[in-house]
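Asker: Coordinates only, no sequence provided:
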């Protein structure tokens, strides 16, 4: 058994990652350096569209974290991150956008139960 940190990713965006289509995760903050190149478990959260309890669906690693300089650069990568102008996660001039490049993905055949007590973004000490 190994201990991981879990990263919350909302459905349906999580499905694009699990299908291998989305190769850049976007956030309004950089990936903490301590997680760069480390295996994290993906905690798929239902968001407003999912009809399930949060679940652990795979393992992910990010090998690069970069800041988008402007809106054009951000949407130039839309085929890599799938964030469109009408998305709740769209570009905003008020908050920076960061790209986390996915370098490794392993999808579990069967989701595992996520801890009931989760952090807002990261959940610590998940044993798999």
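Answerer: Alright, I've got the coordinates. Here the structure is a predicted model, which means the values were calculated and not measured.
Asker: dump the residue contacts of residue 8.
Answerer: Going by C-beta atoms under 8 Å, 6 or more residues apart in numbering, residue 8 touches 43, 45, 54, 118-123. The C-beta positions use only the backbone N, C-alpha and C, and glycine is treated the same way.
Asker: Let me know the pLDDT of it.
Answerer: For residue 8, the pLDDT comes out at 96.
Asker: shift numbering so it begins at 34
Answerer: Okay, using 34 as the starting number, the last item reads as residue 41.
Asker: If it is in a bridge, with which residues?
Answerer: When assigned by DSSP bridges, residue 41 has beta-bridge partners residue 76.
Asker: show me the contacts for residue 53.
Answerer: Applying C-beta under 8 Å, 6+ apart, the residues near residue 53 are residue 138.
Asker: at 10 Å what do you get?
Answerer: Counting by C-beta atoms under 10 Å, 6 or more residues apart in numbering, residue 53 makes contact with 135, 138, 140.
Asker: Let's see if you can find the most crowded of those residues.
Answerer: Counting by other C-beta atoms under 10 Å, residue 135 has the largest number of neighbours within the contacts of residue 53, with 18 neighbours.
Asker: neighbours around the nearest residue to that one once chain neighbours are set aside, how many?
Answerer: Nearest residue to residue 135 in three dimensions, chain neighbours excluded: residue 56, at 5.1 Å (C-beta to C-beta, 6 or more residues apart in numbering). The local packing of residue 56 (other C-beta under 10 Å) involves 18 other residues.
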